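**Student:** this is a predicted model, with the sequence first.
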Protein chains: 2
Amino acid sequence: MVDTAPRTTSNKQTIAPDRSAGTARPKPAGSAASAPQSAAPTHPTIDVAALGRQLLGTWADIRLDARDRAAQPDLQRIEGQTMAEHRERVLGQLKILVGHGAVHRAFPTALGGHDDHGGNIAAFEELVIADPSLQIKSGVQWGLFGAAVLHLGTEYHHTTFLPDIMSLEVPGAFAMTETGHGSDVAAIGTTATYDEAKQQFVINTPFRGAWKDYLGNAALHGTAAVVFAQLITKGVNHGVHAFYMSLRNAKGGFLKGIGGEDDGLKGGLNGIDNGRLHFTNVRVPRENLLNRYGSVAEDGTYSSPIASPGRRFFTMLGTLVQGRVSLDGAATTAAAMALTIAITYGNQRRQFNAASDTDEEVLLDYQRHQRRLLPKLATTYAQVFAHDEFLVKFDAVFSGAADTDDDRQDLETIAAALKPLSTWHALETLQEAREASGGAGFLAENRMVGLRQDLDVYVTFEGDNNVLLQLVAKRLLTDYSKQFAKADAGAMARFVVQQTADRAYHGTGLRSLAQTIGDFGSTARSVAGLRDERVQRELLTDRVEAMIAEIAGRLRDARKLPKADAAAAFNRNQNELIEAARAHGELLQWEAFTRALAKTNDPGTKQVLTWVRDLFGLGLIEKHLAWYLINGRLSPKRAKAVSAYIDRLIERLRPHAQDLVDAFGYGPEHLRAKIASGAELERQDEARAYYAAQRAAGTMPVPEKSKK
Amino acid sequence: MVDTAPRTTSNKQTIAPDRSAGTARPKPAGSAASAPQSAAPTHPTIDVAALGRQLLGTWADIRLDARDRAAQPDLQRIEGQTMAEHRERVLGQLKILVGHGAVHRAFPTALGGHDDHGGNIAAFEELVIADPSLQIKSGVQWGLFGAAVLHLGTEYHHTTFLPDIMSLEVPGAFAMTETGHGSDVAAIGTTATYDEAKQQFVINTPFRGAWKDYLGNAALHGTAAVVFAQLITKGVNHGVHAFYMSLRNAKGGFLKGIGGEDDGLKGGLNGIDNGRLHFTNVRVPRENLLNRYGSVAEDGTYSSPIASPGRRFFTMLGTLVQGRVSLDGAATTAAAMALTIAITYGNQRRQFNAASDTDEEVLLDYQRHQRRLLPKLATTYAQVFAHDEFLVKFDAVFSGAADTDDDRQDLETIAAALKPLSTWHALETLQEAREASGGAGFLAENRMVGLRQDLDVYVTFEGDNNVLLQLVAKRLLTDYSKQFAKADAGAMARFVVQQTADRAYHGTGLRSLAQTIGDFGSTARSVAGLRDERVQRELLTDRVEAMIAEIAGRLRDARKLPKADAAAAFNRNQNELIEAARAHGELLQWEAFTRALAKTNDPGTKQVLTWVRDLFGLGLIEKHLAWYLINGRLSPKRAKAVSAYIDRLIERLRPHAQDLVDAFGYGPEHLRAKIASGAELERQDEARAYYAAQRAAGTMPVPEKSKK
C-alpha cells in the first residue's frame, strides 16, 4: 500500500487516558506468597498490593466501597432459592441499596445524586460479585428506567418522576424490546398516536409480535414503565420515542388496557421478574412524552432539536450506552473471579504422580492446565485495563467534559467492540475454570456454574454481540471510505494499482510484511522480534487494516447496485466483517494493556506484566495464525515460533499465577467458593501426612506389583 | 517418510460396520417441504424419510420405541421445580421405566433381561430427550451400580443382588470417585482390609479426601452401593476392587459406621441426589467382594485370573466403558435437538430489512447465522454416524462376538476419543443455538439453556475429557513406537534420516505435501481437489501421523531419563499430545461419515450429504489451517481456497437446512420448545399482514424522512 492507504481507526478511537490512577486507595491484596521488593528482571516478583491498586483503576475508592457492600451476606445470592423467593429477595436488596444511598450517584445533585456517571457505573459493576440478578435488576431500575427519564426526559419529568424512581417508590420497566424486534429497535410495532382533541397519546400494540418482552420488573414489581413506541401525529410517523406510563394499581393489578405475561424461568438471572406487556389503546397525557429529542405541541405539531430522524434515533439510543459499558466491566469481574477460584484450586489440588512415586502433581503444574487458564488470565488483564479507559471515555462524554458528536460516536463504537469480546470471554472463562475444577466445579457451592448461567444472557442483551460487531465493522468501513474519498483521482488510481500488487504479493506467501510497515520486516524476521511491542502492534493493526481494505474493495461497486443486490453483496462478506470488527476490538484491548504497562513502576511487576501482555498479544496472533500465513505477514518458521514462545511465556508466568489472581483483590467474602477457601490444601496435607506416617511406621501395605 | 513409517492407527481402530441398517423402521420425518424424488445433482432434494432412517442407525426400532417413551409427559422434566421436587419426580420416573420393562435389556436373559448391550444403550441415550436427569439417574442405577454387579460380580452376586437392582427395590450408588481422586481411580484412598478371623472385609475411609463424592443416589435414595477400595490382605495391596454393601436402613438412616453429605445444588442434573459417603471400619462379608477379576479365599489368599495388577485394573475399569458410549450418543442427541430448534426458528424469525423496504430477512439468510449453525450441523451428522459405528463395536465386545484384548483396547480408545469431542460439541452447539435464538433462547421454555446446564458435567464425568484425550495420545504413541520397534536397525536409521529430511522439507513451506502421499500432491494443487474425498482423508490422516511422529521424536530419549525428568519432558508436550488425540478423534468421525455416505442411495440425498461431509472435513482443515500452512501441507493459495469453498458449501446447504434437521426425526413432543412450534411463523405472518393491510388501505403513517 502507498501512503494514501488509510490507517486503522483505532488511533482515532484511542480510549481516553486514566484520569486519576494515583488516587487509588491501597488495599491488602491477600497474597501471602509475595513480598514486594525491587526484583532483578531475571527472577522478578510482583508487588501484589501495587498491582492491585492499578487494577482497581480510576474509581478505585468507589470500587472498594462497592466491594465491601457486595461482601454483605444480605446482598448476596442464596443458591437454590425458587424463582419466586429469589425475585422477592432481590427486590428487598434493591431497597437496601437505596437505604445505603448506593445507587443515586448518576442522578442530578439537585435531586440527591452526585452527577457522577463514571463512578456510578464502577460501583454498579461490582454488584455482580454479590449476585448478577442484583446487578441487573438495579440496572433495570436506575440504569434503564431511571436513566431513560433522566436522559430522554426534561425538567418536568425529572422533578415529577425521578424522586420516586430513585427511592424505589416506583419500580419500573424499560419497555423497548418487543417479541418481534430485539436488536432492530427502529422497527418496533408499538404505536403512540397523538389525539389532538384530548391532548393525549394513545399507546397501542397492533399484533402479538409487538408485545413488549423480556422486560425486568414487568412480570411482578413494576408499577410504571418507559414505553418505546412509533410516535405518530398528523399522519406522520416520527420514529421511536419514549413515553412514561403507569402500569399497575396499588394492589398490583394492571391498569385498564394493559395486559402482560410472565417470561417464567430463564437460564439464569432468575432474581429478576422478566415479563411481557401489551397495550390496548392506553391513553397517556401529552406531557408524558419524554421530550428532550422530540416534542409534540398541543395542536399536534412535532418538533425536534435534531432535524434528521436517523440521527435523532441514534442520539436517543446513544444515551443508553451505559448498559454496554457496565456489562463490559461486570463480565470482566466475573472472569477475574472465576480465574481466582480455578487458579487457587489448581495450585492446591493434586492428581496423578507423574514425576515421583509418592507425591502427586499440583494441577497447575500440568502444561495443559496452564494452557487452559493462563491465556485467559492474560485476556482478563487486557480487559481490566481496556475497561477502565472505556469508563473514563464514557464519563467524559456523560459529564460533558468531552461531548462532541465524534466523542459520542467513538464511545458507541468502543462499546460495540468491547462488550461482545468481554462477555463472550466471561462465558468461556467461567466454563474453562469450571471444567478445570472437575466435578467440584459443577457444584453450586463453588459459584462458577451460577455465574455462568447468569452471565449467559450478557452476550445477547443490551445489543446482541454479533449485531454490535457488525456496527463496528460498518463504522470501520465508513471511516475507510471517508479517507478514501479524500484522495484525489491520481492517488486513488495509484492506490488501486498498489493494492492489487500488494494483494498478489502477500498472496504468494513469500514475504512476511506489507510494504508500508517500513523497518518492521527486519525485526519480524528474528524470533526475538515477537517480544517487541512494535511488532505486536503492527501485526495486530495490519490485520484490521488489511481485512477492512479487502472487504471495502469487494464492496466498492456494491453501492451502485439495486438494494437487494447490494444487500446480497454485503451479506456475502458479513462473516469476515464481523471477524474484522473482532480484530479491531482485540487491538483496542492490546493497546490499553500496553498503555497500562507504561504506567507500571515496580520493575518486577512490570517484567511479569510484560510477559502477560506478550501472552495476550501473541495469543491473538496465534489464534489468527492462518491469516498471517496466508497473507504473507509471517513466514511458516516465524509462525511456528509464535506458539513456541507462548509455551515459554506460560512457563515463565506459571510461578506468578497466584500473585496475578490475588492482585484482583477478591477475598473469601467475595469469592464464596469452597474449593478456593483452602479446604483443598487441608485435605491434600492430611492425605499426604497419612501416607507419610504409614511409610515411616512401616505399616503401609506392600503393592502387589512389588511382590512379583 | 519412507514406507516403514507407521500409519495412523485409525485403520486398526476402524469402527465396526453397521450390522443391520436395513432393519430400520421407516418413520415420517415431519418435513413438509421435501418430496423424495430422484433428483438431478445440480438441484438435489433430500429424501427426508430415508435419511431419517439412516440416521436412526443400527437399533432404529429400539430408538423409535424409546423416543415414543420420551414423549410421555410423565417422564419429562418440569422446568422450575425445586431440587427436592425434581429428585422425587425422577425417582418416580425410574419406577415408571421399570414398569415399562424399559431398562433391563442389558441384563441376563435368565433374570428377565435380553443380553442386548447395544440396544440397551440406544434406548438409554434417548432418555435425554425427556430429561437428562432421568437419563443419568437411570445410568447410575442400571448402567453403573447394576452393571458393576453384572460385570465385576459372579453368579452369586447376579442371583443375589441383580433382581432387586433391576426392579429398583434397591436403589444404589456407584461409589468409585472420591473427593481427592476423580480421574485417577488407581489412587483412591478407601481401604478394604480382609479380616481372616471373621472372614469379613473392613471398609474404611482414612482421611477427608477419601470420602466418596459426587455419587448419584448417595444423598437420599441409595440403600446400597458398590464401593471401590484398595483390597488389602496379608499386608499386600492388590489394588482397587469393588464391594457390594448396604448403606441405609428401611427408614433411610445410614447403617452403623456409614456417614455422608448431600452435594447440594449443582449446575444442572438436579433431578439426581448426588452426595458423599464415608466409612468407619464398616464390615462386609467376604462374599460381597465382586470377584470376577480377583478373589480372596477364606484364609485371606488372593487370586486373580489376570496376573498383572495393571492389566487387571484396566480390565475391571474397561467393563464400565458403556458410560462413555452412552454420553457420546446422548450428547449428539442434545446437539441435534438444539440445531433443530435454532434452525427452525432461524427459518421463521425475521429481523432487519436489508434487501427490501418492506420485508425483513429471515435470520438463516444471513451469512453469519449460517456460519454459526451449519458447520455445527455437519459435525453433528458426523457424530451421529460415528456413534452408531461405535455402538456396534461396543455391542460386539460386550456380546462376546468380537471380544479379544485388542478389541477391548480399541473400544476404549475409540470411547476416549469420541466422548470428549461430542460432549464439548454439545455444549458449544447448545450455546450457539441459544445465542442464535437471542433472548428467546435464554427462556427455559425453549429448552436450550436447561439442556446445556444438564450436559455441562458430561465433559468432566465418566472420564474428564482432557484426561481421556491424553489416554488416546498415549495409545497413539505406543502404537507408533511398536511399529518403530519392529523396524530393523537399517530401516530405523533410514527412517530417522528421512524423517529429519522430511521435517526440514515441510518446514520450508515450499511444498504442499509429504513425499509419501504419492499422487495426492497433484490433486491438492487444484481447488477442485478439496472436494476430493481422498484429499480430505490424506490431509486429516497426515496431520495425526505427523503430530505423533514429531512428538515421539522429541520424547524418544525421555524414557531413559530419571522419572522426574521423563515426566517433565512428557509434560512439555502435553498440550500438543492432546491436540493430536483430538485430531485422531476428528478423523474417526470423518471416516465414519464417509462410510455412511457410501451407503446412502438416493442421489439427491447423497449429493447434499456429500456437501455436509465436505463441510465437516474442510471445517476441520480450516480449524487447523495454520498447522497445514506451517508444515507445508497447503500453500497459502490453497489454504485461502479452503475458506472460500466452505462459504460456497454453506450457500449450497442453506436451502436444505430445514430438511437436514427434520431428518433427525424429532417432533414437537420431543423438542417442546415454543420457538420451534410454529408460533414465530404465526407472529411474523400476522405482523406482515397488518402492515400489508395498512399499505393497501392507505392508512400507513408516512415516515417523517419521506416528508422532507
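**Tutor:** In hand now; what should we look at? Numbers count the residues shown, from 1 in each chain, chains lettered A, B, ... in the order given.

**Student:** would you pull up the residue in the stretch 201-350 of chain A closest to chain B?
**Tutor:** residue A:267 (2.9 Å; C-beta to the nearest C-beta). All C-beta spots, glycine's among them, are computed from the backbone N, C-alpha and C.

**Student:** is that residue in contact with residue B:435, as I believe?
**Tutor:** No. If you go by C-beta atoms under 8 Å, residue A:267 and residue B:435 don't touch, sitting 10.9 Å apart.

**Student:** strands of chain A, start to end?
**Tutor:** A:172-175, A:191-195, A:200-204, A:212-215, A:224-233, A:236-246, A:258-262, A:275-279, A:282-285, A:295-296, A:302-303, A:702-703 (DSSP state E).

**Student:** can I get those in JSON lines with mean neighbour count, distance to chain B and mean pLDDT?
**Tutor:** As requested, the strands of chain A are exported to JSON lines (neighbours: other C-beta atoms under 10 Å in any protein chain shown; distance: least, C-beta to the nearest C-beta, whole Å; pLDDT from 0 to 100):
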{"stretch": "strand A:172-175", "mean neighbour count": "30", "distance to chain B": "14", "mean pLDDT": "98"}
{"stretch": "strand A:191-195", "mean neighbour count": "21", "distance to chain B": "8", "mean pLDDT": "98"}
{"stretch": "strand A:200-204", "mean neighbour count": "22", "distance to chain B": "12", "mean pLDDT": "98"}
{"stretch": "strand A:212-215", "mean neighbour count": "26", "distance to chain B": "5", "mean pLDDT": "98"}
{"stretch": "strand A:224-233", "mean neighbour count": "25", "distance to chain B": "5", "mean pLDDT": "98"}
{"stretch": "strand A:236-246", "mean neighbour count": "23", "distance to chain B": "4", "mean pLDDT": "98"}
{"stretch": "strand A:258-262", "mean neighbour count": "16", "distance to chain B": "11", "mean pLDDT": "98"}
{"stretch": "strand A:275-279", "mean neighbour count": "24", "distance to chain B": "11", "mean pLDDT": "98"}
{"stretch": "strand A:282-285", "mean neighbour count": "17", "distance to chain B": "18", "mean pLDDT": "98"}
{"stretch": "strand A:295-296", "mean neighbour count": "20", "distance to chain B": "12", "mean pLDDT": "98"}
{"stretch": "strand A:302-303", "mean neighbour count": "14", "distance to chain B": "8", "mean pLDDT": "98"}
{"stretch": "strand A:702-703", "mean neighbour count": "14", "distance to chain B": "5", "mean pLDDT": "96"}
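
**Student:** would a markdown table of the ones you listed with distance to residue B:181 be doable?
**Tutor:** Putting the strands of chain A into a markdown table (distance: least, C-beta to C-beta, whole Å) gives the following:
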| stretch | distance to residue B:181 |
| --- | --- |
| strand A:172-175 | 50 |
| strand A:191-195 | 64 |
| strand A:200-204 | 63 |
| strand A:212-215 | 44 |
| strand A:224-233 | 55 |
| strand A:236-246 | 59 |
| strand A:258-262 | 45 |
| strand A:275-279 | 47 |
| strand A:282-285 | 63 |
| strand A:295-296 | 71 |
| strand A:302-303 | 72 |
| strand A:702-703 | 16 |
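
**Student:** ok, back up a step: now the residue of the stretch 201-350 of chain A closest to chain B. Nearest residue, chain neighbours left out?
**Tutor:** Nearest residue to residue A:267, sequence neighbours excluded (C-beta to C-beta, 6 or more residues apart in numbering or on different chains): residue B:449, at 2.9 Å.

**Student:** what's the answer for residue A:85, then?
**Tutor:** Among residues not flanking residue A:85 along the chain, residue A:78 sits closest, at 8.0 Å (C-beta to C-beta, 6+ apart).

**Student:** need the contact list for the closest residue to chain B within the stretch 351-500 of chain A.
**Tutor:** At 2.9 Å from chain B, residue A:449 is the closest residue in the stretch 351-500 of chain A, using C-beta to the nearest C-beta. Neighbouring residues of residue A:449 by C-beta atoms under 8 Å, 6 or more residues apart in numbering or on different chains: A:434, A:441-443, B:266-268, B:453, B:456.

**Student:** what parts of the stretch 351-500 of chain A come near chain B?
**Tutor:** A:351-357, A:360, A:365-368, A:371-372, A:427, A:431, A:434-435, A:438-439, A:441-445, A:448-450, A:452-453, A:456-457, A:459-461, A:464-466, A:470 (C-beta under 8 Å from any C-beta of the partner chain).

**Student:** can you tell me how far residue A:362 is from residue A:655?
**Tutor:** Per C-beta to C-beta, to the nearest Å, residue A:362 is found 12 Å from residue A:655.

**Student:** same deal with residue A:313?
**Tutor:** Going from residue A:313 to residue A:655 by C-beta to C-beta gives 53 Å.

**Student:** then residue A:118?
**Tutor:** Using C-beta to C-beta, residue A:118 is found at 36 Å from residue A:655.

**Student:** next: residue A:411.
**Tutor:** 39 Å.

**Student:** residue A:665 too?
**Tutor:** Look at residue A:665 and residue A:655: by C-beta to C-beta, they are 20 Å apart.

**Student:** same check on residue A:188?
**Tutor:** Residue A:188 is 55 Å from residue A:655, by C-beta to C-beta.

**Student:** just residue A:109 next, same as before
**Tutor:** According to C-beta to C-beta, residue A:109 and residue A:655 sit 49 Å apart.

**Student:** just want to know which of these two has more residues nearby.
**Tutor:** Under the criterion of other C-beta atoms under 10 Å in any protein chain shown, the comparison of residue A:109 against residue A:655 puts residue A:655 first, with 14 against 10.

**Student:** show the pLDDT at that one.
**Tutor:** Note for residue A:655: predicted pLDDT of 98.

**Student:** one more: the one 4 residues further on?
**Tutor:** For residue A:659, the pLDDT comes out at 98.

**Student:** that one contacts residue A:44, correct?
**Tutor:** No. If you go by C-beta under 8 Å, residue A:659 and residue A:44 don't touch, sitting 10.3 Å apart.
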